[in-house]
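have a look at this fold, sequence not included:
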């Protein structure tokens, strides 16, 4: 294993432990993700949190991803489960309320997306699922395909949709 990868894993593990201790509860193993890799230097508009080259693009999604329908109804139970997964896997960067102001995301360039904004909420459920599953190229948004199962990702999509009303 390369030295930088090892250091990244160690720093990630320490950050996960610190965040778990701050939250007063430990995240479930199936919903715990490693923090994103160190910040990458690419052409960005730091004010809006967008990669200028990616503005209006498909974030690397396949055409079929946008058409994928959420198989899990947005029930109170699903939204509550999505909230728990979000708290364990997403809030460090996107913030407790989805404003993109999480502690771990403060130094990221581009900054994490504000999940209340239209550019997020206009995504189809399948598009949002794809971003969570595959991550976003040229950003610190990691892929959660190995840490969250598909149902968990759909629960997160249902939870993030609650920001549409705020």
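All right, it came through fine. Computed from a predicted structure; not experimentally measured.

end to end, how far does stretch 98-114 reach?
6 Å (Cα to Cα, to the nearest Å).

buried residues in it?
Judged by neighbour count using 16 or more other Cβ atoms under 10 Å, the buried positions of stretch 98-114 are 98-102, 104-105, 108, 110-114. Every C-beta, even on glycine, is put in place using the N, C-alpha and C of the backbone.

can I get these in TSV including distance to residue 86?
Listed next are those as TSV, based on distance: Cβ to Cβ, whole Å:
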residue	distance to residue 86
98	8
99	13
100	13
101	14
102	11
104	14
105	14
108	17
110	20
111	18
112	12
113	13
114	14
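
and the gap between the residue lying closest to residue 153 once chain neighbours are set aside and residue 85?
Setting aside the residues directly before and after it, residue 153 is nearest to residue 132 in space (Cβ to Cβ, 6 or more residues apart in numbering), at 5.0 Å. Separation of residue 132 from residue 85 (Cβ to Cβ, to the nearest Å): 10 Å.

so for these two, which residues contact both of them?
148, 156 (Cβ atoms under 8 Å, 6 or more residues apart in numbering).

picking up where we left off before, which secondary structure elements does the host helix or strand of the residue nearest to residue 153 sit against?
Taking DSSP states H and E as the criterion, residue 132 maps to helix 125-134. Where contact means 3 or more Cβ pairs under 8 Å, 6 or more residues apart in numbering; DSSP states H and E, helix 125-134 is packed against helix 63-67, helix 150-160.

tell me the mean pLDDT over the last one?
Mean pLDDT, helix 150-160: 98.

the shortest one now?
The average pLDDT for helix 63-67 rounds to 70.

hmm, back to that, got TSV for the buried residues of stretch 98-114, with distance to residue 77 and pLDDT too?
Shown next, in TSV, are the buried residues of stretch 98-114 (distance: Cβ to Cβ, whole Å; pLDDT from 0 to 100):
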residue	distance to residue 77	pLDDT
98	20	98
99	25	97
100	27	97
101	28	97
102	25	97
104	28	96
105	28	94
108	32	96
110	34	96
111	32	97
112	27	98
113	26	97
114	26	98
